[in-house]
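K.L.:
sequence first, predicted coordinates after that:
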Amino acid sequence: MLISESNKQNGATDKQKKVAELFESRVSVVAADISLDRLGVDDETYNMLQLETDIIIHSAAQVNLVYPYEALKSANVRGTLNMIELAHNSTKIKPLHFISSRAVFPPRPGSTHEEDTPLDDIATGHTEGYGQSKWVSEKLLELAQKRGLPAVVYRPGFIGGDCDECYWNPQDTNLAIFQAITATGFVPRHNWALEVTRVDFVAKFVTKCLQDIKFSSGKRFNMVQPKPLDSKALYQFMENYGFKLERVSIQEWIDKIQNSEKLKPPLKSLLKEMNSNESLFPLERTKFSVKQTSEAIRYFEVQGYPPIDTGYLRKFFSKQIERNILTSPPLLTAEIDKFSTYKVVKARNIKMQSL
């Protein structure tokens with residue numbers, strides 16, 4: 001949503017321009033590096049942050065489901081420790097809202113992870129470094145809470161686009177899967193579930209918690225879609241939308257992706273690596289309780305957990321196709337071409353009649 005000065009008049013919508021203006025008038029940007037001691041800023045800037053900051057929302061992290069723990073330790077673990085030190089300052093203690101991840105839980109197919117499960121009970125079994133880094137970060141925060149730091153933990157799963165414009169993270173795994181499917185026309189025969197939570201819902205939920213620290217302090221919220229969409233229902237929607245899909249085994253699907261000339265190498269590598277450790281389409285899904293999240297939703301009197309319904313899917317596909325992020329379905333493309341040809345022929349006939 002945020003755009004640079006040079007792009008304000010270059011294809012930006014009125015809404016984008018307004019957000020950019022509000023951002024520039026209300027947000028002060030400090031260039032820093034959370035992995036460095038005292039955030040890598042000079043003493044004057046760090047002292048200013050200690051004194052003038054009232055609340056900290058710590059969402060910065062290096063997200064990579066392939067890298068080992070050591071490669072992520074500096075940004076994710078040291079970064080969290082530095083934010084704890086900034087928050088737990090003797091001059092002014094600041095509530096810390098930590099955006100963690102469902103990856104803090106090790107995969108345990110068939111079981112349900114509760115929000116208040118002791119961290120020591122889930123200390124082992126992680127299959128990737130990212131989850132390990134999130135576990136260590138939460139453990140550091142837990143120790144800080146015992147020393148008096150007010151803090152809240154949010155554990156989102158896969159975050160998708162908002163309900164209006166449906167902008168997605170271009171590096172999102174789910175988006176990569178959709179790019180592969182729409183480009184090749186092949187889908188995994190294996191049954192899996194699409195787990196997505198809208199980013200606007202996450203932002204609104206966190207904002208409500210910011211405004212009532214007495215209620216939210218000390219809580220851990222699993223923000224994982226409680227009703228993921230079954231792949232069979234997803235495929236049915238896509239076929240009704242105009243896509244022609246052929247079911248193949250997971251390995252055949254990976255091979256089709258690797259041989260596709262329509263997909264970029266980084267995307268091919270991402271899906272291949274994730275499939276190699278069985279994190280892309282697990283044989284049995286790990287479940288997550290959202291009891292505390294649901295209680296908070298009722299307490300704040302906000303709209304319930306947004307489902308992955310046909311309206312959201314329709315908006316998602318139309319917006320991503322419009323932006324050339326996803327390949328248009330062949331049936332829809334044929335209709336567009338047919339309509340365009342009809343308009344050209346009709347225009348020519350009108351011109352000939354006028355002569």
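P.N.:
Looks like it came in fine.
K.L.:
make sure I have this right: K268 is in a helix.
P.N.:
Yes - applying DSSP: H, G, I helix; E, B strand; the rest coil, one finds K268 inside a helix.
K.L.:
thought it was touching Q258?
P.N.:
Yes - K268 is in contact with Q258 according to Cβ atoms under 8 Å; the separation is 5.5 Å. All C-beta spots, glycine's among them, are computed from the backbone N, C-alpha and C.
K.L.:
these two: which is more packed in?
P.N.:
K268 (17 against 13; other Cβ atoms under 10 Å).
K.L.:
separation between that one and V290?
P.N.:
34 Å (Cβ to Cβ, to the nearest Å).
K.L.:
try V206
P.N.:
15 Å.
K.L.:
kindly report the same for R102.
P.N.:
In terms of Cβ to Cβ, R102 sits 11 Å off from V290.
K.L.:
overlap in contacts, the two.
P.N.:
222-224 (Cβ atoms under 8 Å, 6 or more residues apart in numbering).
K.L.:
quick one: which of those is most hemmed in?
P.N.:
N222 leads these on contacts (other Cβ under 10 Å) with 27 neighbours.
K.L.:
who's in contact with it?
P.N.:
Counting by Cβ under 8 Å, 6+ apart, N222 has contacts 102, 113, 115, 155, 288-290, 292-293.
K.L.:
now K287
P.N.:
K287 touches 111-113, counting by Cβ under 8 Å, 6+ apart.
K.L.:
which one of those is nearest I250?
P.N.:
Nearest to I250 out of those is S111 (Cβ to Cβ; 22.9 Å).
K.L.:
how close does the closest residue in space to the closest one that isn't next to it in sequence get to L149?
P.N.:
Closest residue to S111 apart from its sequence neighbours, by Cβ to Cβ, 6 or more residues apart in numbering: T286 at 6.6 Å. Note on T286: its distance to L149, by Cβ to Cβ, is 30 Å.
K.L.:
same deal with F178?
P.N.:
Taken as Cβ to Cβ, the span from F178 to L149 is 40 Å.
K.L.:
what do you get for S74?
P.N.:
22 Å.
K.L.:
more neighbours, those two?
P.N.:
L149 (18 against 15).
K.L.:
and that one, what element?
P.N.:
Assigned by DSSP states H and E, L149 falls within no helix or strand.
K.L.:
returning to what we had before: Throw the shared contacts of R102 and V290 into a markdown table and include pLDDT, thanks.
P.N.:
Formatted as a markdown table, the shared contacts of R102 and V290 follow (pLDDT from 0 to 100):
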| residue | pLDDT |
| --- | --- |
| N222 | 97 |
| M223 | 97 |
| V224 | 96 |
